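Undergrad: How does the following fold in three dimensions:
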Amino acid sequence: MPDVPDYISEGRITQIAICAGYIEVELETPSLSQWAIESNAEQVEIHVDPEMPLAPGMEDIKGRFIRSKFRISWDFSVDEALQGASVNYKDGTSDVIDEIPRDFAGIWSRPSGTTPDTVYEGKHRYQFTPKQAFDLSAAESITIDGTKYFFPTIMEEIDS
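TA: You can find the predicted model right below:
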């Protein structure tokens, strides 16, 4: 059994977007290769019974295992960091995103068009899609993990 060190991999939010139909958070993290080195994932040994043939496409079982652990680790970490995130409104009220009605079972999901290659390069996108559209004229900011991120107003975008 390989020695698995305690390690911390940090990501950073690079962009937050709010549209009437969703909120999207983009973040940058270590790449798959960096993560595999930090976590000692490459030292994992997987033993396959030589008498049981692998299904087609499963020849790289160790690589598939490592890639799945990488994705799962960031999905779990993002869910934890975004837990309790809230949309703040100009009138001083706010909605905790976890409690906003939605059509999908998960709170934060990967949007369509997200490719494994970008994820393995350390570029992640997550979306929250509410059941009812956001009133963009009322939204002021979003708070994630204790940090408030203000949305630009239309006039600020025109001036930029």
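Undergrad: Please enumerate the helices of this protein.
TA: 32-39, 61-82, 116-120, 154-159 (DSSP state H).
Undergrad: Give me the buried positions along the shortest one.
TA: Think helix 116-120. Under the neighbour-count criterion of 16 or more other CB atoms under 10 Å, helix 116-120 has residue 119 buried. In short, each C-beta sits where N, CA and C put it, glycine included.
Undergrad: got the CA positions of it in CSV?
TA: Presented in CSV, the C-alpha positions along helix 116-120 are these (Å, rounded to 0.1, in the frame of the first residue of the first chain):
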residue,chain,number,x,y,z
PRO,A,116,-12.9,16.3,-19.6
ASP,A,117,-9.9,17.8,-21.2
THR,A,118,-10.6,21.2,-19.6
VAL,A,119,-11.3,19.6,-16.3
TYR,A,120,-8.0,17.7,-16.4
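Undergrad: Please report how far the residue lying closest to residue 82 once chain neighbours are set aside lies from residue 65.
TA: Using CB to CB, 6 or more residues apart in numbering and skipping residues adjacent in sequence, the residue nearest residue 82 is residue 108, 5.4 Å away. Separation of residue 108 from residue 65 (CB to CB, to the nearest Å): 24 Å.
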